[in-house]
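Novice: Sequence and predicted structure are below.
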Amino acid sequence: MNHIYCTQNAFGNTELNAREFEEIALCLAEVKADGIEVRRELLSSGISLNDAGVRLKELNLEVVFSSPQPMFDENGKLNFDSLFCLLQEAEAVGAWLLKTPLGHYCGMKEELSHVKRLLLQFPKMIFTIENDQTSCGGRTDLLETFFLDCRAQEIPAGFTFDVGNPKYVGEDPLAMYERLKTFIRYVHIKHVVDDKGSWRTVPVFPELPDEIDGIIGLIPEEVPLAIEYPVKVINASQHVANLRKERVKSWQEQVK
């Protein structure tokens, strides 16, 4: 597999109506992307997830569904109703993977039992947690604790690895990859730079940073890579082609 996706927010962080969503989907189909990450927070209330799912299937775009709603609240309690709703919505839009942030996980076994019971109702859905930009949901140690606790209880929780977000919590992306690589199911590709004391996401092409290049070469071929840096409809084709080319080059170098 050599699957290259693009996130909806790569085209901007504004809410989309049905026509604007269709334009992005058509663009990704035309530039031969393999999939799209549909962002729940960027869909207007007028968009039918079922209709969107049908259209994305017609365009041969695989679907990932994501939401900024954290899995656990500030008291360490599972946001059960919210997660159930997100799983239903992900299923409606035809997604094979759902991504959410961790929130405040406190290691309570009872809460994990609720997670297990909930995920059993959606056996075809891959559920993942992303390392976000917060101290509670972006640190390697906290994420590792969650994933190991899930593994101990046979809870099928995976990891969406955002290669740019470790910088927001003062960590090294490669070190995070090495600690959590066995849990990775999906990867966000972006470059984060210091802009007058704050972090800013920038394109990884035309000059691919060494740290991103190195990580791309380590990601297993069955794991999709998703563009999550600013692109425009006019140049989306080049970015998809560049990331695909870079991935193939990395595999070729590994087999020499």
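Specialist: Perfect, thanks for sending it.
Novice: Hmm, L61 and E37 touching each other?
Specialist: No - using CB atoms under 8 Å, E37 makes no contact with L61, being 10.3 Å away. Every residue, glycine included, has its C-beta placed from N, CA and C.
Novice: Those two: who's more crowded?
Specialist: E37 (25 against 20; other CB atoms under 10 Å).
Novice: From Q153, how far off is the more buried one?
Specialist: 28 Å (CB to CB, to the nearest Å).
Novice: what does L208 give?
Specialist: 39 Å.
Novice: Which one's more surrounded, those two?
Specialist: L208 (17 against 13).
Novice: for the more buried one, what are its contacts?
Specialist: Contact analysis of L208 by CB atoms under 8 Å, 6 or more residues apart in numbering lists E246.
Novice: Tell me which helix or strand it sits in.
Specialist: Under DSSP states H and E, no helix or strand contains L208.
Novice: quick one, phi/psi of it?
Specialist: phi -70, psi 120 (degrees, to the nearest 10).
Novice: list the contacts for the residue nearest the centre of the chain?
Specialist: Residue closest to the average C-alpha location in the chain (CA atoms, centre = their mean): T160, at 5.0 Å. Counting by CB under 8 Å, 6+ apart, T160 makes contact with 97, 99, 128-131, 184-188.
Novice: Looking at those residues, which one is closest to E110?
Specialist: E110 lies nearest to I129 out of those, by CB to CB, at 18.7 Å.
Novice: my read: that closest one touches T100, true?
Specialist: Yes - assessed by CB under 8 Å, I129 is found in contact with T100 at 6.5 Å.
Novice: immediately after the helix or strand hosting C85, which helix or strand?
Specialist: Following DSSP H and E, the helix or strand that holds C85 is helix 80-92. Of the helices and strands lying after helix 80-92 in sequence (DSSP H and E), the nearest is strand 97-101.
Novice: Measure how that next one sits relative to helix 80-92, angle-wise.
Specialist: 150 degrees (axes from the mean of the first three to the mean of the last three CA atoms, to 10 degrees).
Novice: Parallel or antiparallel, which strands does strand 97-101 pair with?
Specialist: strand 62-66 (parallel), strand 126-130 (parallel) (DSSP bridges).
Novice: Deepest-packed of these, please.
Specialist: For the strands paired with strand 97-101, average neighbour numbers computed from mean count of other CB atoms under 10 Å are highest in strand 62-66, which has a mean of 24.
Novice: Need the contact partners of that strand.
Specialist: Under CB under 8 Å, 6+ apart, the answer for strand 62-66 is 3, 5, 7, 34-40, 53, 56, 86, 89-90, 93-100, 130, 186, 224, 226.
Novice: Of those, grab the buried ones for PyMOL.
Specialist: Entered in PyMOL, the line below selects the buried ones among the contacts of strand 62-66, by 16 or more other CB atoms under 10 Å:
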select buried, resi 3+5+7+34+35+36+37+38+39+40+53+56+86+89+90+93+94+95+96+97+98+99+100+130+186+224+226
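Novice: mind listing what's buried in the one helix or strand L56 maps to?
Specialist: Using DSSP H and E, L56 sits within helix 49-58. By 16+ other CB under 10 Å, the buried positions in helix 49-58 come out as 49, 52-53, 55-56.
Novice: Now do the helices in the stretch 151-256 of the chain.
Specialist: Listed in chain order, the helices of the stretch 151-256 of the chain (DSSP state H, counting those that start in this stretch) span 173-180, 210-216, 236-254.
Novice: Which strands or helices does the last one pack on?
Specialist: By that I understand helix 236-254. strand 4-7, helix 18-30, helix 210-216, strand 225-227 (3 or more CB pairs under 8 Å, 6 or more residues apart in numbering; DSSP states H and E).
Novice: May I see those arranged in JSON lines, with mean pLDDT as well?
Specialist: Shown next, in JSON lines, are the helices and strands packed on helix 236-254 (pLDDT from 0 to 100):
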{"stretch": "strand 4-7", "mean pLDDT": "98"}
{"stretch": "helix 18-30", "mean pLDDT": "96"}
{"stretch": "helix 210-216", "mean pLDDT": "92"}
{"stretch": "strand 225-227", "mean pLDDT": "98"}
